[in-house]
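Peer 1: here is my input; please provide its structure:
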Amino acid sequence: MPFTLLSTVVLMAMGLVCGAALNALADDLPRRARPRLPHCLNCDHAFGPWQWLALVAFAARRRCAHCGSPLAWRRPVVELVSAALWPYVFARFGLTLQFALLSILLECLLLITVIDLE
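Peer 2: Sure, this is the predicted structure:
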């Protein structure tokens, strides 16, 4: 499968969605809480669907809509790193089993790194 602009955009979108899921897991797993939808760490208010992707939330408003506390800078950084990893791995391995396994491994390592840094 050739590496085109469309495949790059699709892979980056998949990386953004995985990054959003990693953010939700990084918020809940260290507290041994059941993973749930993205929420404010200050007031525990669930974010609206438009705030699930941190890049959208930062572009629109950098604060929680409920309590006004600033959103963590970690959230968009994790999404950007995740979005950059997917096209890189695809360019290296193509659409193979290695690509799928390495993408899962890198996402798990990113989650562990984020949790450890906090």
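Peer 1: CA atoms for contacts and neighbours, from now on please.
Peer 2: Will do.
Peer 1: the top helix by length along the chain: how far from the chain's middle?
Peer 2: Assignment by DSSP state H gives helix 5-28 as the longest helix of the chain. When distances are taken as Cα atoms, centre = their mean, to the nearest Å, helix 5-28 is centred 5 Å away from the chain's centroid.
Peer 1: just the buried positions in the helix or strand just after it, please.
Peer 2: Where DSSP states H and E defines the elements, the next helix or strand beyond helix 5-28 is helix 54-60. For helix 54-60, burial by neighbour count (16 or more other Cα atoms under 10 Å) applies to 54-55, 57-58.
Peer 1: orientation of the one helix or strand residue 98 maps to relative to helix 5-28 in degrees?
Peer 2: Applying DSSP H and E as the criterion places residue 98 in helix 97-117. Relative orientation of helix 97-117 versus helix 5-28 (axes from the mean of the first three to the mean of the last three Cα atoms, to 10 degrees): 40 degrees.
Peer 1: and the contacts of helix 97-117?
Peer 2: 18, 22-23, 25-26, 30, 78, 82, 85-86, 89-90, 93 (Cα atoms under 8 Å, 6 or more residues apart in numbering).
Peer 1: change it to 6 Å
Peer 2: 22, 26, 93 (Cα atoms under 6 Å, 6 or more residues apart in numbering).
Peer 1: tell me the one of the residues you listed nearest residue 12?
Peer 2: Comparing those against residue 12 with Cα to Cα places residue 22 closest, at 14.8 Å.
Peer 1: for the closest one, give me the pLDDT.
Peer 2: Per-residue confidence (pLDDT) for residue 22: 91.
Peer 1: count of residues packed around it?
Peer 2: By other Cα atoms under 10 Å, the residues close to residue 22 number 23.
Peer 1: got a list of what it touches?
Peer 2: residue 111 are the contacts of residue 22 under Cα under 6 Å, 6+ apart.
Peer 1: how far away is it from residue 86?
Peer 2: 14 Å (Cα to Cα, to the nearest Å).
Peer 1: what residue lies at the spatial centre of the chain?
Peer 2: The centroid of the chain falls nearest to residue 19 when counting by Cα atoms, centre = their mean (1.3 Å).
Peer 1: that one contacts residue 79, doesn't it?
Peer 2: Yes: between residue 19 and residue 79 there is a contact under Cα atoms under 6 Å: 4.2 Å.
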